[in-house]
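# need a structure here:
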Amino acid sequence: MKIWVGAAAMLAVAGMAAASNLAADEHGSGDERVVVVAAPEALNLSPQVLSSGSSTVQGAVAAATVAPAGRAASSYQRSVYVGNNPLDYTAYELWTGRRGDGVQLHSGRANWMDWTSSLQWLIGLWSGVDRTIFWTVPLIPYGSSLEAASRGDYDRYYVQAARSLAAGFPNAQKIYVRTGWEFNGDWQPWAARGKEAAYRGAYRQFVKSFRSVSGRFVFEWTPNIGDLGMNPELAYPGDDVVNIIGMDFYYNHQWDNVDGAKAFAWKRDERYGLAWHQAFAKRHNKPTAYAEWGVSRNSDAAYVQLVAQWFKDHNIVYASYWNSNAAYRGKLSDNQYPLVGDAYRRHVLK
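Numbering: from 1, shown residues only. Model prediction:
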């Protein structure tokens with residue numbers, strides 16, 4: 001169920017609907033329309049549709065703001081991915097009944113044109129929204145290489161992106177940027193298995209370039225959970241270029257135990273699982289985060305409660321729930337999983 005607020009929001013929704021019809025292949029079609037990515041799937045969205053209405057979208061978010069809830073003893077930020085759409089973030093906040101802490105945004109990776117222009121468009125769309133933004137910026141787009149990135153061949157793109165973010169958020173004390181995530185799998189263009197040195201070098205060039213623009217950037221290194229054929233530690237780029245050590249994990253009923261408690265225990269204890277993540281971060285004296293997590297069945301309430309307790313027990317920086325059906329059917333704010341949605345509001349948001 002989507003909830004739109006006021007006539008202004010309705011006008012913005014019309015623009016969103018027109019833009020969302022411009023779907024394209026994840027690898028890009030070669031045109032120069034902006035691709036706003038819901039990783040690992042991509043959507044082609046035209047900035048012309050919304051550029052004149054971005055203030056309307058931001059206003060709708062502001063108008064829908066609910067009263068802040070009482071803050072829990074555990075002060076980590078409850079973030080969410082909603083598909084880059086400010087109106088979906090508004091609907092999410094109305095569903096939760098609380099002001100959100102933060103939002104996760106994904107920029108494009110179809111090609112370098114998309115990599116640059118999608119980020120600029122998102123900055124314009126969200127710069128007036130008063131929430132912490134956790135940026136997910138691809139290390140490289142399709143058709144590029146880790147080796148070239150590690151040589152510094154793409155530094156000009158990184159510097160341009162850093163300038164855009166710094167200028168777009170001049171009052172932000174910290175600008176959170178996650179790049180090169182899920183590198184230990186085989187589905188990202190920056191997959192690191194067998195290329196660990198090139199990945200480390202590429203990541204370092206990315207950070208070096210961003211820091212040449214501003215010292216406000218906070219960088220997150222994020223493996224996917226589990227043994228995917230490589231030791232993630234081999235791709236760790238160094239304590240000097242990592243501020244937060246993250247992890248992505250999803251409850252996938254294709255292979256995870258149907259019992260939520262058993263499924264969580266496996267994710268906690270498996271090789272390169274949640275316990276490894278915390279231990280590795282502790283060895284490097286780094287705080288932790290969970291940039292992507294999600295559930296996909298109405299029977300997952302017990303699992304959600306265990307995840308929420310894990311977050312509270314480990315003094316994390318933030319956790320971002322995948323409140324979307326793009327690539328993974330995890331959306332809660334449309335009430336497709338009412339029991340899980342209730343557990344999320346009672347345990348994660350309290």
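# Quick check: pLDDT value at the residue nearest the centre of the chain.
For the chain, the residue sitting closest to the mean C-alpha position, by CA atoms, centre = their mean, is Q104 at 4.1 Å. At Q104, the predicted lDDT confidence score is 98.
# gap between it and R156?
Distance of Q104 to R156, given as CB to CB, to the nearest Å: 26 Å. The way it works is simple: take the backbone N, C-alpha and C, and place the C-beta from them, glycine included.
# wait, doesn't A302 sit right on G260?
Yes: counting by CB atoms under 8 Å, A302 touches G260, with 3.8 Å between them.
# who's more crowded, the two?
G260 (23 against 17; other CB atoms under 10 Å).
# Now do the contacts for the more buried one.
Y251, S299, D300, A301, A302, Y303, V304, L306 (CB atoms under 8 Å, 6 or more residues apart in numbering).
# redo that, cut-off 7 Å
D300, A302, Y303 (CB atoms under 7 Å, 6 or more residues apart in numbering).
# ok, and the closest non-adjacent residue to it?
Distances taken as CB to CB, 6 or more residues apart in numbering place Y303 nearest to G260, at 3.3 Å, with adjacent residues excluded.
# what's around that neighbour, how many residues?
Y303 - counted by other CB under 10 Å - has 23 other residues nearby.
# repeat for D186
So D186, with other CB under 10 Å, has 12 neighbours.
# Which of the three states applies to the closest residue to A281 other than its chain neighbours?
The shortest distance from A281 to any non-neighbouring residue, by CB to CB, 6+ apart, is to I245 (4.2 Å). Following DSSP: H, G, I helix; E, B strand; the rest coil, the label given to I245 is strand.
# Distance-wise, check I245 relative to I316.
Taking CB to CB, one finds I245 at 10 Å from I316.
# Now do the shared contacts for these two.
T288.
# Double-check that G201 belongs to a helix.
Yes: membership of G201 in a helix is supported by three-state DSSP.
# Please tell me how far the residue lying closest to it once chain neighbours are set aside sits from Y176.
Nearest residue to G201, sequence neighbours excluded (CB to CB, 6+ apart): S150, at 2.8 Å. Note on S150: its distance to Y176, by CB to CB, is 23 Å.
# So those two - more neighbours on which side?
Between S150 and Y176, counting by other CB under 10 Å, Y176 is the more crowded of the two (25 against 20).
# Quick check, the more buried one in contact with R131.
No: using CB atoms under 7 Å, Y176 makes no contact with R131, being 11.7 Å away.
# show me where pLDDT drops low in the stretch 51-200 of the chain?
51-74 (pLDDT under 70).
# In terms of secondary structure, what does the host helix or strand of M113 contact?
M113 belongs to helix 112-126 when assigned by DSSP states H and E. Judged by 3 or more CB pairs under 7 Å, 6 or more residues apart in numbering; DSSP states H and E, the packing partners of helix 112-126 are strand 35-38, helix 54-63, helix 155-168.
# Show me what secondary structure element comes after that helix.
Helix 112-126 is succeeded, C-terminally, by strand 132-136 (DSSP H and E).
# where along the stretch 251-350 of the chain do the strands fall?
288-294, 318-322 (DSSP state E, counting those that start in this stretch).
# Could you dump the ones you listed into TSV with mean pLDDT and mean neighbour count added?
Output for those, formatted as TSV (pLDDT from 0 to 100; neighbours: other CB atoms under 10 Å):
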stretch	mean pLDDT	mean neighbour count
strand 288-294	98	25
strand 318-322	98	25
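# so which of those gets nearest V207?
strand 288-294 (16.7 Å; CB to CB).
# May I have the closest one exported as PDB, CA atoms only?
Provided in PDB are the C-alpha atoms of strand 288-294 (Å, rounded to 0.1, in the frame of the first residue of the first chain):
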ATOM      1  CA  THR A 288      30.500  -2.000  11.900                       C
ATOM      2  CA  ALA A 289      27.400  -1.500   9.900                       C
ATOM      3  CA  TYR A 290      24.900  -3.600   7.900                       C
ATOM      4  CA  ALA A 291      24.200  -1.700   4.700                       C
ATOM      5  CA  GLU A 292      21.800  -4.300   3.300                       C
ATOM      6  CA  TRP A 293      19.600  -6.800   5.100                       C
ATOM      7  CA  GLY A 294      16.200  -8.200   4.400                       C
END
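# what angle sits between that strand and strand 318-322?
Interaxial angle of strand 288-294 relative to strand 318-322 (axes from the mean of the first three to the mean of the last three CA atoms, to 10 degrees): 10 degrees.
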